[in-house]
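**Q** Sharing a model that was predicted from the sequence below.
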Amino acid sequence: MADSTSGKNGTSDAAKAAAAQSQIQAKIVSQYVKDLSFENPNLRKLIANPGDQPNMKLEIQVNGHRVEGQLYESTVELKATASNNIGTIYVLEVVYAGLVQIESMPEGALEPFLLISGPTMIFPFLRRLVADLTREGGYPPLMLDPIDFAGLYFRRQQERAGAASKADA
């Protein structure tokens, strides 16, 4: 007959199983493009005269919400605008999302997870998509630098706190 205790402290297999069930588990179920737009408005002008070195403006927004049950969606909204003295070179707007199944996570930890860890997990795929789209648009691939999603989250929290304190005043 098998002994139901193990380890130095005599923890039973049942207790270990219960502890394992309460551990936080998160896995990506799916990831996908939710919305996509690539505008190439001045290609004819740029072929004739490339103009100055382009200026790049990036805007990033992250969101997260419960879809149903233990299924959540994290999204990264990216807008990249390249322009120079000729005008707008291109505008790329993409919303990339990941469905994440999350088990045993405390409610207070969900928002930071969906706005930091979720985007961090799907970012490499968004990065590749952006590089491919800009290359297919006729330009050198836009290789996004890594994004500090934790920094974005904490900045968002500070902005909320500042707005709340202004509303109270």
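**A** Thanks, I have it.
**Q** Can you verify residue 114 is assigned to a helix?
**A** Yes - using DSSP: H, G, I helix; E, B strand; the rest coil, the secondary structure at residue 114 is a helix.
**Q** if I pick it, what's in contact with it?
**A** Residue 114 makes contact with 63, 64, 65, 72, 73, 74, 100, according to C-beta atoms under 8 Å, 6 or more residues apart in numbering. For every residue, glycine as well, the C-beta is placed using N, CA and C.
**Q** Kindly report the same for residue 57.
**A** When contacts are counted by C-beta under 8 Å, 6+ apart, residue 57 is found next to 80, 81, 82, 83.
**Q** Direction included, what does the helix or strand containing the second one pair against?
**A** Spelled out, that is residue 81. Per DSSP states H and E: residue 81 is located in strand 71-84. Looking at strand 71-84 with DSSP bridges, its partner strands are strand 55-68 (antiparallel), strand 87-103 (antiparallel).
**Q** can you give me the offset of that strand from its chain's centre?
**A** Here strand 71-84 is found 8 Å from its chain centre; the criterion is C-alpha atoms, centre = their mean, to the nearest Å.
**Q** Which positions in it come out as buried?
**A** Neighbour-count burial for strand 71-84 flags 72, 73, 74, 75, 76, 77, 78, 80, 81, 82, 83 (criterion: 16 or more other C-beta atoms under 10 Å).
**Q** The first one and residue 113: what is the separation?
**A** Note on residue 72: its distance to residue 113, by C-beta to C-beta, to the nearest Å, is 8 Å.
**Q** Surely residue 152 is in contact with residue 59?
**A** No - here residue 152 does not reach residue 59: they are 11.4 Å apart, not a contact under C-beta atoms under 8 Å.
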